[in-house]
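Colleague: coordinates only, sequence not included:
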């Protein structure tokens, strides 16, 4: 018997737009931090066995008080713990086995989720962001040519963020600027504009990744009780960011600004565009920089990663959804490795797509946006 | 044109129920006949005017239908006005009155109780008593126990068919903190109506306060979804059998995406909420109704696709949302091309079933 369809799909090269490599331990960034911060950290570490408390004392403090039990430890696949005993996705060799080689990944985009942008001590957040970027370059990007990374920034300090973008963007293996979906203020607000100016200077898109906590309840109705609500409500955080970025005129102020919505889903986007267009037709005097229907701006400015893949019922509605979305050149495949809701490349898309569209989603759309090479980046 | 309707052509003998007609929020002076001396004195000797804000400030160009801006007396401030604009031209069998009083903005619970009691009595005397086609929504303070007491007081009047809750709240309505309210609604066979807006003090988005009203408006669809997720996740529909919820001024095009997202997560995370025995979409289809305003699809073809995705002919209920701008022409409020059976259900049948109105 010849190779079946599954094998064919499996051997086709893909681009994975959302991979979460992890720090092997809490001290991994220490060698990349300035001596003064390292020493303060070490001194405090010896004072207490309760390391998290120590970190809070040092200034690693973040917004506390809205934790939900997660479905799995570290929200990770149960099989993703590497043999060396470190946390999931902390070991490149094991990541190769489970992801890069296993699924013929041509490029994988690392989006480190270290909680740095959420820190309340902005000075330390800046130090940690620089350390994280240097660590990424040294210990990941230099060790496998398939890897690319997003720039970690202390996004609640946009001036420092712009400086870090300017510093690290010289390295063309960094292809995106990373913020999380729950920020202090809506991302369109002027506080964040220096980040967009810096990103544009270097032709980098802004990636908004699921997560974070800007200190506000996740719903307009306060804090929900369960993780399933928290997880589902994240789609609303993305919507608020899209609405803010468009309404504040960011795409008129910063022509060419590109934004990638990562791990936010996309079935909510068509109804959002309809509602937004309709509201704009009545209320446009309030947002004069928006001189076209918002849906036109959204389709011209946003990209979307696919994980978690939408799963309409019945599955045929997936094709209707793609038609409603009408952004065939903007969907980019992602696995979200090593998280529990991993999308496997051979099973993620619920319906059979035209081969050209499938290739676009699995690979080509990401190549067109990120280039993965300074000379071919199309921005 | 049939049945004497001047608003829009509908097939003969097709009942129309308007699920969302506004009674303009009364001034504090208008409530004087229904307020105790203490609160009349407070109002006359201080600057306290009741809720400091409302979902739709009077005369705001952002909310009123353009031709009604600056009208004197203000639009929707009397039975005569809504009879002229809605009840007569649509020849409605019934219209559900909504007074978005924003009592949740008043943090003084004594004031909130006094004012909501006054508003409900005012609705009885100055609206429901004057036109038999009108049904009322009970306005409640944002303290669950006090709200339950007001529901018990007003629930005796069968003309009140629902409890009105602003969709933005300090805690999601499924939270057991709110169960006294849901229990009271259930006890009296009242629908729970979630209406756009609310000023609980916490921001309207997960990322804080947006700059403009258009953002708040567009983001408003998320608030409904959060409340529905809460009601399902907390097991409210398992606990209060037969409890029904209607979303007003909510739009409806977001419902398929909510069902898909929620079902997908439930398949993976149901261990966390083991009392839910069916997929969330099954609860939503059985217990939740959506008003058709704002008509948030671009055209009739897209409406048909959304209706197919929702896959629940009983879910959509017609509303004019008078006097707001959600539709600019009357014909725009009627879903074209859905077929007569579906149209009959949307225009009146679904609301008859929801509110126990005679067919």
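Modeller: Cool, the structure landed. Just so we're clear, the structure is a prediction, and the values are computed from it rather than from any experiment.
Colleague: CA only for contacts and neighbour counts going forward, please
Modeller: OK.
Colleague: residue ranges with poor pLDDT in the stretch 201-350 of chain B?
Modeller: B:325-333 (pLDDT under 70).
Colleague: can you map out the helices along the stretch 151-300 of chain A?
Modeller: Taking DSSP state H, counting those that start in this stretch, the helices of the stretch 151-300 of chain A run over residues A:158-168, A:193-201, A:227-247, A:250-253, A:269-283, A:294-301.
Colleague: Could you single out the most deeply buried of these?
Modeller: helix A:227-247 (a mean of 24; mean count of other C-alpha atoms under 10 Å in any protein chain shown).
Colleague: secondary structure class for residue B:285?
Modeller: At residue B:285, secondary structure determined by DSSP: H, G, I helix; E, B strand; the rest coil is helix.
Colleague: Now the terminal residues of stretch B:349-359, how far apart.
Modeller: In stretch B:349-359, first residue to last residue: 7 Å (C-alpha to C-alpha, to the nearest Å).
Colleague: List the contacts of it.
Modeller: Taking contacts as C-alpha atoms under 8 Å, 6 or more residues apart in numbering or on different chains, the residues outside stretch B:349-359 that touch it are B:15, B:17, B:19, B:161, B:191, B:244, B:314-317, B:345.
Colleague: biggest separation within these, which pair?
Modeller: Based on C-alpha to C-alpha, the longest span within the contacts of stretch B:349-359 runs between B:15 and B:244 and measures 21.4 Å.
Colleague: any idea how far residue A:247 is from the residue lying closest to residue A:280 once chain neighbours are set aside?
Modeller: The shortest distance from residue A:280 to any non-neighbouring residue, by C-alpha to C-alpha, 6 or more residues apart in numbering or on different chains, is to residue A:293 (6.8 Å). With the distance defined as C-alpha to C-alpha, residue A:293 ends up 11 Å from residue A:247.
Colleague: Give the residues shared as contacts by those two.
Modeller: Between them, residue A:293 and residue A:247 share no contacting residue, judged by C-alpha under 8 Å, 6+ apart.
Colleague: Spell out the residue ranges of the helices in chain B.
Modeller: Ranges of helices within chain B are B:37-45, B:79-82, B:109-126, B:144-154, B:179-187, B:213-233, B:236-239, B:255-269, B:280-287, B:300-310, B:340-344, B:350-355, based on DSSP state H.
Colleague: quick one: contacts for residue B:104?
Modeller: B:112, B:141-142, B:169, B:198-200.
Colleague: before we move on, what about residue B:120?
Modeller: Here residue B:120 is in contact with B:138-139, B:154 (criterion: C-alpha under 8 Å, 6+ apart).
Colleague: Would you tell me which one of these comes nearest to residue A:62?
Modeller: Closest to residue A:62, out of all of these and judged by C-alpha to C-alpha, is residue B:139, at 39.2 Å.
Colleague: Tell me, how many residues neighbour that closest one?
Modeller: Per other C-alpha atoms under 10 Å in any protein chain shown, the neighbour tally for residue B:139 reads 30.
Colleague: what's the answer for the one 10 residues further on, then?
Modeller: In terms of burial, residue B:149 registers 17 neighbours under the definition other C-alpha under 10 Å.
Colleague: And it, how close does it get to residue B:185?
Modeller: 11 Å.
Colleague: In the stretch 51-200 of chain A, where is pLDDT below threshold?
Modeller: Across the stretch 51-200 of chain A, the ranges flagged by pLDDT under 70 are A:51-60, A:65.
Colleague: Show me what from it comes close to chain B.
Modeller: A:71, A:182-186, A:189 (C-alpha under 8 Å from any C-alpha of the partner chain).
Colleague: ok, the nearest residue to residue A:166 once chain neighbours are set aside - contacts?
Modeller: Leaving aside its chain neighbours, residue A:166 sits nearest to residue A:198 (6.6 Å; criterion: C-alpha to C-alpha, 6+ apart). Contacts for residue A:198 (C-alpha under 8 Å, 6+ apart) come out as A:162-163, A:165-166.
Colleague: give me that answer again for 7 Å
Modeller: Counting by C-alpha atoms under 7 Å, 6 or more residues apart in numbering or on different chains, residue A:198 makes contact with A:162, A:165-166.
Colleague: okay if I get those residues as JSON lines plus distance to residue A:219?
Modeller: Shown next, in JSON lines, are the contacts of residue A:198 (distance: C-alpha to C-alpha, whole Å):
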{"residue": "A:162", "distance to residue A:219": "30"}
{"residue": "A:165", "distance to residue A:219": "31"}
{"residue": "A:166", "distance to residue A:219": "35"}
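Colleague: wait, which of those residues is closest to chain B?
Modeller: residue A:162 (21.1 Å; C-alpha to the nearest C-alpha).
Colleague: mind listing what that closest one touches?
Modeller: Residue A:162 touches A:194-195, A:198, counting by C-alpha under 7 Å, 6+ apart.
Colleague: Up against chain B, what does the stretch 251-379 of chain A have?
Modeller: Proximity of the stretch 251-379 of chain A to chain B (C-alpha under 7 Å from any C-alpha of the partner chain) is limited to residues A:267-268, A:271, A:274-276, A:279, A:283, A:310-313.
Colleague: try it again with 6 Å
Modeller: Applying C-alpha under 6 Å from any C-alpha of the partner chain, one finds that the stretch 251-379 of chain A approaches chain B through A:267-268, A:271, A:274-276, A:311-312.
Colleague: pLDDT and distance to residue B:206 for those residues - can I get that in TSV?
Modeller: Below are these laid out as TSV (pLDDT from 0 to 100; distance: C-alpha to C-alpha, whole Å):
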residue	pLDDT	distance to residue B:206
A:267	97	19
A:268	98	16
A:271	97	19
A:274	96	21
A:275	96	19
A:276	97	18
A:311	93	24
A:312	94	25
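Colleague: What segments of the stretch 1-150 of chain A are strands?
Modeller: With DSSP state E, counting those that start in this stretch as the criterion, the stretch 1-150 of chain A has strands at A:14-19, A:105-110, A:147-152.
Colleague: would you turn these into TSV with distance to residue B:289 and mean neighbour count?
Modeller: Formatted as TSV, these follow (distance: least, C-alpha to C-alpha, whole Å; neighbours: other C-alpha atoms under 10 Å in any protein chain shown):
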stretch	distance to residue B:289	mean neighbour count
strand A:14-19	37	27
strand A:105-110	42	22
strand A:147-152	43	27
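Colleague: Residue A:327: which of the ones you listed is closest?
Modeller: Across those, closest to residue A:327 is strand A:14-19 (C-alpha to C-alpha), at 16.9 Å.
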